[in-house]
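Colleague: task: produce atomic coordinates for the following.
(one chain, ligands or ions: 3)
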Amino acid sequence: APKIDQADKVNQLMPQLDANNIVTEIQKESANQNRFYKLKTGVTASDELFDTWKSLAKGWDKATVTQFSHRRFPQKSVELEIKGSKYPDKVVVIGAHLDSTAGSWTILNKRAPGADDDGSGIASETEVIRVLAENHIQPEYTLRFYGYAAEEGGLLGSREIVQSVKKEPVTILSAMQLDMTNFKGSDKDIIFEMDHTNSDFTHFLQTLIDTYQPNITYGTDQCGYACSDHASWDSIGAPAAMPFEAYMKDMNPNIHSKNDTLENSDPTGTDALHFSQLALSYLIEMGFE
Ligand SMILES: N[C@H](Cc1ccc(I)cc1)C(=O)NO
Ligand SMILES: [Zn+2]
Ligand SMILES: [Zn+2]
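Modeller: Ligands and ions are numbered 1, 2, ... in the order given. The predicted structure is shown next:
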């Protein structure tokens with residue numbers, strides 16, 4: 001596992017992460033009637049995230065923001081890349097999904113705010129982008145941030161993306177998934193899913209919590225199936241990890257319904273902030289040798 005030797009940077013950046021920004025982003029995403037990947041509301045949600053990441057990345061040298069068009073549905077994925085100064089072909093990945101669903105397949109104009117699933121993951125990730133961009137962080141390894149389309153359709157967006165990445169002349173060092181970060185249903189703050197993930201990488205993340213978030217508690221669980229986009233990276237042999245909000249039995253009961261709102265999760269965004277903190281230490285420790 002990589003050495004943990006970037007304390008100066010992590011300790012300078014971590015305090016800048018602000019739960020209020022996470023709340024604002026979740027509210028922005030939930031404002032859409034739904035973010036269903038087959039509907040124009042889902043297309044709009046992707047374009048809004050594209051705009052948000054582009055404005056955050058303004059002035060961040062070597063950062064590029066693009067949309068990834070999918071073959072069989074209109075919702076695009078969003079990608080932000082900051083090229084590494086020393087190892088541009090070695091890529092550290094983090095992702096969340098930008099779509100939402102209300103459970104049934106033809107949700108038409110049904111309400112699916114998706115505040116926790118997965119507005120929280122997108123918001124946790126976006127707050128890390130803001131802090132890295134504002135500090136003009138120039139990593140030695142390439143960092144890639146994803147907002148995946150159509151996760152609820154069966155990991156459709158990330159599946160297409162990893163097939164495309166497989167054809168690139170790059171090595172994926174690791175991929176973290178943030179799907180549901182803002183509902184602390186259990187007594188532990190972060191639960192690591194142990195299936196469709198890499199145990200060494202998961203252990204490395206647990207060591208990061210011990211080092212940089214000593215008051216955060218964590219545990220492990222199993223999804224029992226490919227429960228989010230980390231499984232797409234795992235399927236091409238990239239070390240994947242999925243820090244999750246609770247044990248399965250305790251997870252947010254409101255997901256995939258009109259009741260998946262900010263009020264029905266953590267309205268202060270403090271739970272989601274813990275995931276931003278882990279994501280930041282992950283990207284800095286993996287982004288620099
Ligand atoms: N399947 C996931 C929800 C989900 C995530 C983790 C576990 I454990 C069980 C269920 C989903 O809806 N992602 O969008
Ligand atoms: Zn879901
Ligand atoms: Zn999800």
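Colleague: in the stretch 101-250 of the chain, which spans are strands?
Modeller: Taking DSSP state E, counting those that start in this stretch as the test, the strands found in the stretch 101-250 of the chain are 141-148, 171-177, 190-193, 218-221, 240-241, 243-244.
Colleague: got CSV for these, with distance to residue 283 too?
Modeller: Placement of C-beta: from N, CA and C, glycine included. Output for these, formatted as CSV (distance: least, C-beta to C-beta, whole Å):
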stretch, distance to residue 283
strand 141-148, 6
strand 171-177, 9
strand 190-193, 16
strand 218-221, 18
strand 240-241, 13
strand 243-244, 13
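Colleague: could I get these as CSV with mean neighbour count?
Modeller: Listed next are the strands of the stretch 101-250 of the chain as CSV, based on neighbours: other C-beta atoms under 10 Å:
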stretch, mean neighbour count
strand 141-148, 25
strand 171-177, 23
strand 190-193, 23
strand 218-221, 17
strand 240-241, 28
strand 243-244, 28
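Colleague: could those go into CSV alongside distance to ligand 3?
Modeller: Shown next, in CSV, are the strands of the stretch 101-250 of the chain (distance: least, C-beta to the ion, whole Å):
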stretch, distance to ligand 3
strand 141-148, 9
strand 171-177, 9
strand 190-193, 12
strand 218-221, 15
strand 240-241, 15
strand 243-244, 10
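Colleague: a markdown table for those strands, including mean pLDDT and distance to ligand 1?
Modeller: Listed next are these as a markdown table, based on pLDDT from 0 to 100; distance: least, C-beta to the nearest ligand atom, whole Å:
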| stretch | mean pLDDT | distance to ligand 1 |
| --- | --- | --- |
| strand 141-148 | 99 | 10 |
| strand 171-177 | 98 | 10 |
| strand 190-193 | 98 | 6 |
| strand 218-221 | 98 | 6 |
| strand 240-241 | 98 | 13 |
| strand 243-244 | 98 | 6 |
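Colleague: for residue 55, which of these is the nearest?
Modeller: strand 141-148 (14.3 Å; C-beta to C-beta).
Colleague: chain center to the closest one, what's the gap?
Modeller: Centroid separation between strand 141-148 and its chain, computed with C-alpha atoms, centre = their mean, to the nearest Å, is 9 Å.
Colleague: and the helices in the stretch 51-200 of the chain, which stretches?
Modeller: All helices of the stretch 51-200 of the chain, identified by DSSP state H, counting those that start in this stretch, fall at 121-134, 156-166, 199-212.
Colleague: most tightly packed of the ones you listed?
Modeller: Neighbour counts (mean count of other C-beta atoms under 10 Å) averaged over each of the helices of the stretch 51-200 of the chain peak at helix 121-134, with a mean of 26.
Colleague: just list what that helix packs against, helices and strands only.
Modeller: Under the contact criterion of 3 or more C-beta pairs under 8 Å, 6 or more residues apart in numbering; DSSP states H and E, helix 121-134 touches helix 19-30, helix 40-57, strand 87-97, strand 141-148, helix 270-287.
Colleague: tell me what the last one is packed against?
Modeller: Spelled out, it's helix 270-287. In this structure, helix 270-287 packs against helix 7-13, helix 19-30, strand 87-97, helix 121-134, strand 141-148, strand 171-177, strand 190-193, helix 199-212, with contacts taken as 3+ C-beta pairs under 8 Å, 6+ apart.
Colleague: how about TSV for these, with distance to residue 254 added?
Modeller: TSV is the format used below for the helices and strands packed on helix 270-287 (distance: least, C-beta to C-beta, whole Å):
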stretch	distance to residue 254
helix 7-13	32
helix 19-30	12
strand 87-97	17
helix 121-134	15
strand 141-148	21
strand 171-177	20
strand 190-193	18
helix 199-212	27
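Colleague: hmm, back to that, closest one to residue 282 among the strands of the stretch 101-250 of the chain?
Modeller: strand 171-177 (5.9 Å).
Colleague: from residue 110, how far off is residue 2?
Modeller: According to C-beta to C-beta, to the nearest Å, residue 2 and residue 110 sit 44 Å apart.
Colleague: so what's the closest residue to residue 130 other than its chain neighbours up against?
Modeller: Excluding the flanking residues, the one nearest residue 130 by C-beta to C-beta, 6 or more residues apart in numbering is residue 56, at 5.2 Å. Residues near residue 56 by C-beta atoms under 8 Å, 6 or more residues apart in numbering: 126, 129, 130, 133.
Colleague: equivalent analysis for residue 222, please.
Modeller: 193, 194, 195, 248.
Colleague: can you check the pLDDT for it?
Modeller: Residue 222 carries a pLDDT value of 98.
Colleague: list the buried residues in stretch 232-242.
Modeller: 232, 233, 234, 235, 238, 239, 240, 241, 242 (16 or more other C-beta atoms under 10 Å).
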